[in-house]
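Trainee: Build the 3D model from these lines:
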Amino acid sequence: MSKSPSLTLSEVEAQFVDWRRTRTRPQTPDELKTQALALLADHSIREVCRALRLNYETLKRWGQEQATATPSEASFVSVPLVAGSAPASELTPLTLTRHGSDGSTLSISGELHPAQWAWALALLQERS
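Mentor: All right, here's what the predicted structure looks like:
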C-alpha cells in the first residue's frame, strides 16, 4: 500500500462516505484502507470502526494484509504522521527488532513521537 498523508478522523470518514456513495467496485480502495489503518496511531480501534462504519474484523484483516505484504512491498512501512509537528524534545530514538520463528525479521528504527512508537509496537505484536 502506498504512503498517504496523515488525515484526521473526520476527513477519512468523509472520504469513506463519498466512496460509498459513488463507488463503482465493491472492494475498498487500498488508499482508504491505508488511511483507516493510519488513524490507529491516534484513535482507538473502536473509534475508527464506529466513524468509518467498519467492523473490527475488517480493520484487523486489513492490518494483517498490510503486515504480510510481499517482501518487496513490505521492505518499507510508512509510520503514520502525528497531527501537527512534534517538537524535537518529544521525539525518542529507538530501534525495535523482532525475529520470527519462521526466520523473518522486522526492524523499526528512528526518532519517533511516542504515539508513533505505540503504533510500531502494535505492528510488531500483530506479526507475532
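Trainee: Only C-alpha atoms from now on, for both contacts and neighbour counts.
Mentor: OK.
Trainee: Leaving out chain neighbours, which residue sits closest to Ser107?
Mentor: Thr97 (4.2 Å; Cα to Cα, 6 or more residues apart in numbering).
Trainee: that's a strand at that neighbour, yeah?
Mentor: Yes - using DSSP: H, G, I helix; E, B strand; the rest coil, the secondary structure at Thr97 is a strand.
Trainee: Let me know how buried it is, in neighbour terms.
Mentor: 11 (other Cα atoms under 10 Å).
Trainee: which regions of the chain sit below the pLDDT cut-off?
Mentor: 1-5, 69-89, 123-128 (pLDDT under 70).
Trainee: Tell me which helix or strand Glu13 sits in.
Mentor: Following DSSP states H and E, one finds Glu13 within helix 9-22.
Trainee: next one: Ile108
Mentor: strand 105-112.
Trainee: Which strands border that strand, and is each parallel or antiparallel?
Mentor: strand 92-99 (antiparallel) (DSSP bridges).
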